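Trainee: would you be able to build a 3D model of this:
(one chain, ligands or ions: 1)
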Amino acid sequence: APQELRYDGQTVVVTGAGGGLGREYAVFFGSRGANVVVNDLGGSFKGEGKGSRAADVVVNEIRSAGGKAVANYDSVENGDAIIKTAIDNFGRIDVLINNAGILRDVSFKNMKQSDWDLIMAVHVKGAYKCARAAWPYFRKQKYGRLISTASAAGLFGSFGQCNYGAAKLALVGFTETLAKEGLKYNILCNTIAPIAASRMTETVMPPDVLNSLKPEWVMPLVAVLTHQSCTETGSIYEAGGGHIAKIRWERAKGALLKTDDSLTPGAIAQKWKEVNNFAEAEHPQGPGNAMELLETAQQLPPSNPGEKLDFKDK
Ligand code: NAI
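Mentor: Numbers count the residues shown, from 1 in each chain. As a prediction, the model looks like this:
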């Protein structure tokens, strides 16, 4: 097919590729000419146990279809070893897909320290360690494609997932920063927030919903974002059930108050409607221009310092 995106000669590392979304990515890249490192620790979705079977099954699947793949069984916390597998076997790394993940769902009230620590270790430290090990290769060859896997739980919060939500949003800040630092080396870094049926979601979603959320419908977005023709970087995309959409920040026009003694809690309370009004919003790529705003603020008349809190017409 003339329109096929190809990855010939490139090495793609997919973490957590022994099942679910990661398996889908790995099999795809294997079918499009890439050398694939299939990493998977092989534990349960709660991060218990380990084994080589999960990764081996996917490696065999890629090889029997004529593709090139090797297994790696390390935890993503040992990112160095995973990238070493790529270098030792294929001599290079071009694409890193930070996909490995686990869940430790529990209400904040009942959360144990270990539930917090393990989620941070796998998602945040794991993505960091893999990216850190790949980065010198990306810079040296002036080419790299990196995907991080966030979640709606991180973007919006999710009951019983404060550990997972914190880790997932951490990956947004991490990846947006790598996008900035990698830009001049043609290292493009994006975050996806997928939704798909997997062993991770099968316990929380009904079967008819799961049937309409196949992991193979997330994979094409990852293919586009990691292709050499892609120019997108520092972006967040939701993907699932056939819907692919970019997510961005929105900043209200907000209230501007004179910067003197009249900038009191009461002065803000009186402007609450303006603070929260998105009618003239912008979609910022960075922090607001504080110096410019400050200059204007200094020239304003003093605010009315009435301390009456009125949230009625927010
Ligand atoms: P999954 O449980 O099928 O796949 C995750 C894979 O990561 C498993 O094969 C597991 O063995 C592996 N893994 C876990 N800890 C590891 C570690 N320390 N080192 C190496 N491998 C490890 O789950 P799924 O759904 O495919 O999830 C993939 C990614 O997508 C995860 O990061 C998850 O948080 C994220 N995600 C998934 C959503 C969904 O709807 N399925 C929603 C939002 C995010």
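
Trainee: count of neighbours near residue 139?
Mentor: For residue 139, the number of neighbouring residues by other C-beta atoms under 10 Å comes to 16. Placement of C-beta: from N, CA and C, glycine included.

Trainee: just use 17 as the starting number from now, easier for me
Mentor: Shifting the count to begin at 17 puts that one at residue 155.

Trainee: check the gap between it and residue 95 for me.
Mentor: Residue 155 sits 16 Å away from residue 95, taking C-beta to C-beta, to the nearest Å as the criterion.

Trainee: with residue 62 instead?
Mentor: Separation of residue 62 from residue 95 (C-beta to C-beta): 21 Å.

Trainee: ok, the two, which is more surrounded?
Mentor: Between residue 62 and residue 95, residue 95 has the larger neighbour count (other C-beta under 10 Å), namely 25 against 13.

Trainee: just say helix, strand or coil for that one.
Mentor: Classification of residue 95 using DSSP: H, G, I helix; E, B strand; the rest coil returns helix.

Trainee: list the contacts for the closest residue to it other than its chain neighbours?
Mentor: Leaving out its chain neighbours, the residue that sits closest to residue 95 by C-beta to C-beta, 6 or more residues apart in numbering is residue 145, at 3.0 Å. Listed by C-beta atoms under 8 Å, 6 or more residues apart in numbering, the contact partners of residue 145 are 92, 93, 94, 95, 96.

Trainee: got phi/psi on residue 145?
Mentor: According to degrees, to the nearest 10, the main-chain angles of residue 145 amount to phi -60, psi -40.

Trainee: which one of the residues in the stretch 67-216 of the chain is closest to the ligand?
Mentor: Taking C-beta to the nearest ligand atom as the measure, the stretch 67-216 of the chain has residue 117 as its residue closest to the ligand, at 2.5 Å.

Trainee: can you show me the strands along the stretch 117-266 of the chain?
Mentor: 160-165, 203-210, 252-256, 259-263 (DSSP state E, counting those that start in this stretch).

Trainee: paired strands for the longest one, with orientation please.
Mentor: Strand 203-210 has its sheet partners listed here by DSSP bridges as strand 160-165 (parallel), strand 252-256 (parallel).
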